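# Predicted model and sequence below, questions to follow.
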Amino acid sequence: PSIHDGFAFPVSQLFFSWTMVMAGSVEARVDTREVVRGDTVLLTITVVGEKREKLPDIDAINGVMVDTVTRHSGSSFIQVHGQNKMEHTQTMTLEFKPLESMTIPAFQIEVDGKVETTSAIALKVVDATSGTKRKNPHFSLDMKLDKTKVYLGEPLVATVYFRQRTVLDIMKLKYEKPEFKAFFNRQLKG
């Protein structure tokens, strides 16, 4: 037996568990579970298996039309217990604008002769708390304060949040800290 973090388990069980991970699988994930009304959500479905099976066409999610679909695929050789296998990975990214809170249903996809099911994903649609609607759907820049009322000389923390779509490759990104006129300021970690 092997010991890891105080637990003993047979080595053969380790190999069995690793082999199960390498079997055909499907996964669905979103770039955000809370979305501002009018913004888009990216749903990515990834299928990994030995056989190359086409991902289904999805035109709508819970009645909401899909705006864009991007597909990627790749292959690699893996070795499990001395056997060489070809593993295929397919990824489909769907972009859509939910109008209200919803649950993305579980999708069933056949992988290596077995039907695999993704998990359902709950989305919460919220109204923008302040400011105008974002003009660029690919980026957003927000600033939040740790409190709204302060006394003269009392510290106030302003946090700047920059968000970008995960499917974009940004070649150059430069941060210029805002000017806080009439404030003594310093940048904190991060």
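Received, thanks.
# I'd like the distance between the spatially most central residue of the chain and D67.
Nearest residue to the geometric centre of the chain (Cα atoms, centre = their mean): D31, 3.5 Å. D31 sits 14 Å away from D67, going by Cβ to Cβ, to the nearest Å. C-beta here means a position set from N, CA and C on the backbone, and glycine is covered the same way.
# Please report how far the residue nearest to the centre of the chain lies from I170.
When distance is defined by Cβ to Cβ, D31 is 15 Å away from I170.
# Next: V69.
22 Å.
# In terms of neighbours, single out the busier of the two.
The residue with more neighbours, out of V69 and I170, is V69; 14 against 9, by other Cβ atoms under 10 Å.
# what secondary structure does the residue lying closest to that one once chain neighbours are set aside sit in?
Nearest residue to V69 in three dimensions, chain neighbours excluded: L94, at 5.6 Å (Cβ to Cβ, 6 or more residues apart in numbering). Going by DSSP: H, G, I helix; E, B strand; the rest coil, the secondary structure assigned to L94 is strand.
# Just give the number of residues close to L94.
By other Cβ under 10 Å, 22 other residues sit near L94.
# quick one: contacts for it?
Contact analysis of L94 by Cβ atoms under 8 Å, 6 or more residues apart in numbering lists 42-45, 58, 61, 66, 68-69.
# Using TSV, lay out those residues together with pLDDT, distance to K181 and secondary structure.
What follows is the contacts of L94, written out as TSV (pLDDT from 0 to 100; distance: Cβ to Cβ, whole Å; DSSP: H, G, I helix; E, B strand; the rest coil):
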residue	pLDDT	distance to K181	secondary structure
L42	89	38	strand
L43	92	43	strand
T44	91	43	strand
I45	92	48	strand
I58	90	50	coil
I61	91	46	strand
V66	93	45	strand
T68	89	42	strand
V69	90	47	strand
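# mind listing the strands for the protein?
Secondary structure of the chain, counting by DSSP state E: strands at 2-4, 7-9, 25-30, 34-36, 41-49, 60-61, 64-80, 83-96, 102-104, 108-111, 114-117, 121-126, 139-145, 158-164.
# Adding distance to F184, write the ones you listed out as CSV.
Below are these laid out as CSV (distance: least, Cβ to Cβ, whole Å):
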stretch, distance to F184
strand 2-4, 51
strand 7-9, 53
strand 25-30, 41
strand 34-36, 33
strand 41-49, 40
strand 60-61, 49
strand 64-80, 46
strand 83-96, 43
strand 102-104, 46
strand 108-111, 57
strand 114-117, 56
strand 121-126, 34
strand 139-145, 16
strand 158-164, 13
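# among those, which is the most enclosed?
Each of these was scored by mean neighbour count; the highest is strand 41-49, a mean of 20, by mean count of other Cβ atoms under 10 Å.
# List the contacts of that strand.
Contacts for strand 41-49 (Cβ under 8 Å, 6+ apart): 23-32, 35, 53, 55, 61, 87-98, 104, 107, 109, 111-112, 116, 118, 121, 123, 165-167.
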